[in-house]
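Enquirer: Model the following, please.
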Amino acid sequence: MFSIATQQQQYKTYILSDETAGSQIEVVPERGGIITRWRVQGQEILYLDAERFTHPDLSVRGGIPILFPICGNLPDNTYTYNGQTYSLKQHGFARDLPWQVVDQVTSDRASLTLVLNSNEQTRAVYPFEFQLAFTYELQGNTLAIHQQYQNLSTVPLPFSMGFHPYFVTADKDQLEVSIPSREFQDQKTKQIHPFDGKFDFGLDEIDVAFKQLTSQSASVVDNSRKLRLTLDYGKEYPILVFWTVKGKEFYCLEPWSAPRNSLNSGEHLTVLEPGTSYQASVKLTGNFF
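Expert: I've put the predicted structure just below:
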């Protein structure tokens, strides 16, 4: 019923399957621990720019990239800690570094646990000791991502976390977006706008943050595919970002724990005391109707 196979593509790829449900995910640990594909009833749910993915020097556009220790970007890509200035690029480094597989389960579900440890490369831009452990769990038409963030430093660990899932769509005008908030903030202009469930997909780019969330669930119905996608998230994620670019067959619905620049501003910043850990989870469900 559940299985995990490996395939050597450009990178070693782990394929988790629920044969009964006809669902699969593909995970590439060495390329940022990313989920590159998710299929429900044999149909692709995620967008992936496959050509761009073959270039290790380019950020991945597609799949479900991991955001840590920041979401979004910093002004001039810099932050200050203890009087010293550090450079950290957009969305942090977790999505670019190799992760290690530490556990696999195929009994009542298919799950894969990956770990990222602080190292010389991370300390150069983020002077802390940490361990991240993410478990990708596939069961039926649901994909869950359970996360543990551990502070191995002797000082408090400041961070924000999130995911940047790309969902494939052929016709954005057929999307019905249900986000539990009546307003959003334009991430470029910082202006607040009322939200009635509609976006103008004729714009070159939509990049907005919903900060006044009233529940822990959001959904998008793609009428062109007869697909309802539901995102459930814990209170660890008080922000949802919606992003898309004109002419591209994707939209992103991203759970963030903190807004852009939180390492400098402190807004919604998670700070872990030495020797402690922190749990979070998100769940994606795809239902065809």
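Enquirer: Contacts for stretch 209-222, please.
Expert: The contact list for stretch 209-222 (C-beta atoms under 8 Å, 6 or more residues apart in numbering) reads 167, 169, 174-185, 187, 195, 227-235, 238-242, 251, 253, 256, 259. Any C-beta I mention is one placed from the backbone N, CA and C, and that applies to glycine too.
Enquirer: if you set the cut-off to 6 Å instead, what comes out?
Expert: Residues from elsewhere that reach stretch 209-222, judged by C-beta atoms under 6 Å, 6 or more residues apart in numbering: 169, 175-181, 184-185, 187, 228-233, 239-241.
Enquirer: Next: stretch 138-145.
Expert: 16, 18, 21, 23, 25, 38, 40, 109-110, 136-137, 282-286.
Enquirer: Which strand residues bridge R39?
Expert: Q24, E44 (DSSP bridges).
Enquirer: ok, S107 - how many residues close by?
Expert: Residues near S107, counting by other C-beta atoms under 10 Å, number 8.
Enquirer: any idea how far W38 is from it?
Expert: Noted for S107: a distance of 21 Å to W38, by C-beta to C-beta, to the nearest Å.
Enquirer: now S23
Expert: Note on S23: its distance to W38, by C-beta to C-beta, is 8 Å.
Enquirer: Same check on S181?
Expert: Noted for S181: a distance of 25 Å to W38, by C-beta to C-beta.
Enquirer: Looking only at neighbour counts, state which of the two leads.
Expert: For S181 versus W38, neighbours defined as other C-beta under 10 Å are more numerous around W38 (24 against 17).
Enquirer: My guess is that one contacts I45. True?
Expert: Yes. Counting by C-beta atoms under 6 Å, W38 does reach I45; the two are 4.6 Å apart.
Enquirer: What is the burial count for the closest residue to K248 other than its chain neighbours?
Expert: In space, K248 comes closest to Y47 once its chain neighbours are excluded; the distance is 8.0 Å by C-beta to C-beta, 6 or more residues apart in numbering. Counted by other C-beta under 10 Å, the residues lying close to Y47 total 19.
Enquirer: hang on, Y47 packs against T169?
Expert: No. Using C-beta under 6 Å, Y47 is not in contact with T169, being 8.0 Å away.
Enquirer: Show the contacting residues for E26.
Expert: 13, 15, 36-37.
Enquirer: Just flag the most distant two among these.
Expert: Within those, I15 and T36 form the most distant pair, 10.2 Å apart (C-beta to C-beta).
Enquirer: Of these two, give the one with the bigger neighbour count.
Expert: More crowded of I15 and T36, by other C-beta under 10 Å: T36, with 21 against 16.
Enquirer: Does the more buried one lie in a helix or a strand, and which?
Expert: strand 34-40 (DSSP states H and E).
Enquirer: Let me see the residues that make contact with that strand.
Expert: By C-beta under 6 Å, 6+ apart, strand 34-40 touches 23-28, 45-46, 48, 63-65, 141, 143, 286.
Enquirer: do stretch 249-259 as well
Expert: 47, 71, 160-164, 166-169, 231, 233, 236-237, 239, 241-244, 267-270, 282.
Enquirer: Give me the buried entries from those.
Expert: For the contacts of stretch 249-259, a burial check counting by 16 or more other C-beta atoms under 10 Å picks out 47, 71, 160-164, 166-169, 231, 233, 236-237, 239, 241-244, 268-270, 282.
Enquirer: Would you state the helices of the stretch 151-289 of the chain in chain order?
Expert: Here the stretch 151-289 of the chain has its helices, by DSSP state H, counting those that start in this stretch, at 262-265.
Enquirer: What's the end-to-end length of stretch 55-74?
Expert: One end of stretch 55-74 to the other measures 25 Å (C-alpha to C-alpha, to the nearest Å).
Enquirer: Please state the offset of that stretch from the chain centre?
Expert: Taking C-alpha atoms, centre = their mean, to the nearest Å, the mean C-alpha location of stretch 55-74 is offset from the chain mean by 9 Å.
Enquirer: Buried residues in that stretch, which are they?
Expert: Within stretch 55-74, the residues that count as buried by 16+ other C-beta under 10 Å are 60-72, 74.
Enquirer: Just the mean pLDDT for it, thanks.
Expert: The average pLDDT within stretch 55-74 is 94.
Enquirer: Please name the nearest non-neighbouring residue to S107.
Expert: F2 (7.1 Å).
Enquirer: Next: F184.
Expert: V208 (4.1 Å).
Enquirer: now swap in I239 and tell me
Expert: W256 (4.2 Å).
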